[in-house]
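A.B. asks: generate a structure from the sequence data that follows.
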Amino acid sequence: MKRNLLLLLISLVTVFILTACGSGDEKSKGDSEDSKSTGSKEVLRVGMETAYAPFNWSQKDDSNGAVPIKDSKEYANGYDVQIAKRVAEGLGMELEIVKTDWDGLIPSLQSGAIDLVIAGMSPTPKRMEVIDFTDNYYTSDFVIVVKKDGPYANAKSIHDFKGAKVTAQQGTTHYKVIDQMTGVKKQVPANDFGQMRIQLASGAIDAYISERPEGMSAAEAIKGFTYIVPEDGFEADESDTAIAIGLKKGSPLKDKINKILAGISEEERQQIMEEAIKNQPSQQ
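C.D. replies: You can find the predicted model right below:
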């Protein structure tokens, strides 16, 4: 009898211990899952070339507020990156920079590989047929980048480049406006601005078309370069010189981002651009 009673007591104690341990494990597991779900932010994937200083570039470290590039050991920085940081912060999301070739930006947006294009892109009517754009976050004008000691360094007009080999980046309005220049030798479009800087330095081209911030950036980074703001200027629609954030058609983020951009004053935008030009790596 005593033996049976002892066995019963041992069984009850064992069941109690196992039950207590089990509930403790469940509680611990539940706490861990709750922490994971509430502690992590949703990721905002932003596409850019990281090759269009001062708007965006790549660098080796996180200095001056640079952000890691996805699947890379490098970091992205520039005007676009700093604007992207403000947008992500305003949305309460974690910023992720996705390095994407220029021609792949819109397809990546449409396929869902990225959430936004913040890459110095103008909201042209053609692009607006396939994606949406926010309000502008920068407005500029076209300039002509040349060598300081080159034959076109003293040009004043877009018609002072007769015989010049001129190019611009593919898929941009920059390339189209070359047709307004009298007597130039229009070259095949370049893949990116880094390629054009190399071409200009080597003499493969005499000039390339850009926007003023990139012209300023080129002259700052490469001492043998300068840029010309033509007196007569290029004929262009405002949408060709404005820069906005690209979104997938019907994106619910559009209105939210517009509110964030409205909170960045024109003075702040100029300060961000000046810092970008100052902080860009040489030869970018």
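
A.B. asks: C-alpha from now on. contacts and neighbour counts both.
C.D. replies: OK.

A.B. asks: least confident secondary structure element in this structure?
C.D. replies: Counting by mean pLDDT, DSSP states H and E, the chain has its least confident helix or strand at helix 2-39, which shows a mean of 41.

A.B. asks: what packs against the helix or strand following it?
C.D. replies: Reading on from helix 2-39 to the C-terminus, the next helix or strand found by DSSP states H and E is strand 43-48. Contacting strand 43-48 under the criterion 3 or more Cα pairs under 8 Å, 6 or more residues apart in numbering; DSSP states H and E are the following elements: strand 94-99, strand 116-117.

A.B. asks: give the helix, strand or coil label for residue 143.
C.D. replies: strand (DSSP: H, G, I helix; E, B strand; the rest coil).

A.B. asks: oops, could you answer that again for residue 215 instead?
C.D. replies: The three-state label for residue 215, taken from three-state DSSP, comes out as helix.

A.B. asks: once you drop chain neighbours, what's closest to it?
C.D. replies: Spatially, and ignoring its direct neighbours in sequence, residue 215 is nearest to residue 227 (5.6 Å; Cα to Cα, 6 or more residues apart in numbering).

A.B. asks: tell me the spacing between the one you found and residue 219.
C.D. replies: For residue 227, the distance to residue 219 under the criterion Cα to Cα, to the nearest Å works out to 7 Å.

A.B. asks: these two: which is more packed in?
C.D. replies: In this comparison of residue 227 against residue 219, neighbours counted by other Cα atoms under 10 Å, the higher total goes to residue 227 at 25 against 19.

A.B. asks: pretty sure residue 48 is in contact with residue 117, am I right?
C.D. replies: Yes - counting by Cα atoms under 8 Å, a contact exists between residue 48 and residue 117, whose distance comes to 6.3 Å.

A.B. asks: give the residues shared as contacts by these two.
C.D. replies: Both residue 48 and residue 117 are contacted by residue 105, under the criterion Cα atoms under 8 Å, 6 or more residues apart in numbering.

A.B. asks: circling back to that earlier point, what residues does the residue nearest to residue 215 make contact with?
C.D. replies: When contacts are counted by Cα under 8 Å, 6+ apart, residue 227 is found next to 143-146, 215-216, 219.

A.B. asks: can you show me the helices along this protein?
C.D. replies: Secondary structure of the chain (DSSP state H): helices at 2-39, 79-91, 105-111, 125-128, 173-176, 193-202, 212-221, 238-241, 253-262, 266-279.

A.B. asks: list the buried residues of the third one.
C.D. replies: Taking 16 or more other Cα atoms under 10 Å as the basis for neighbour counts, the residues of helix 105-111 that come out buried are 105-106, 108-110.

A.B. asks: counting contacts, what elements does that helix pack onto?
C.D. replies: Helix 105-111 sits against strand 116-117, with contacts defined as 3+ Cα pairs under 8 Å, 6+ apart.
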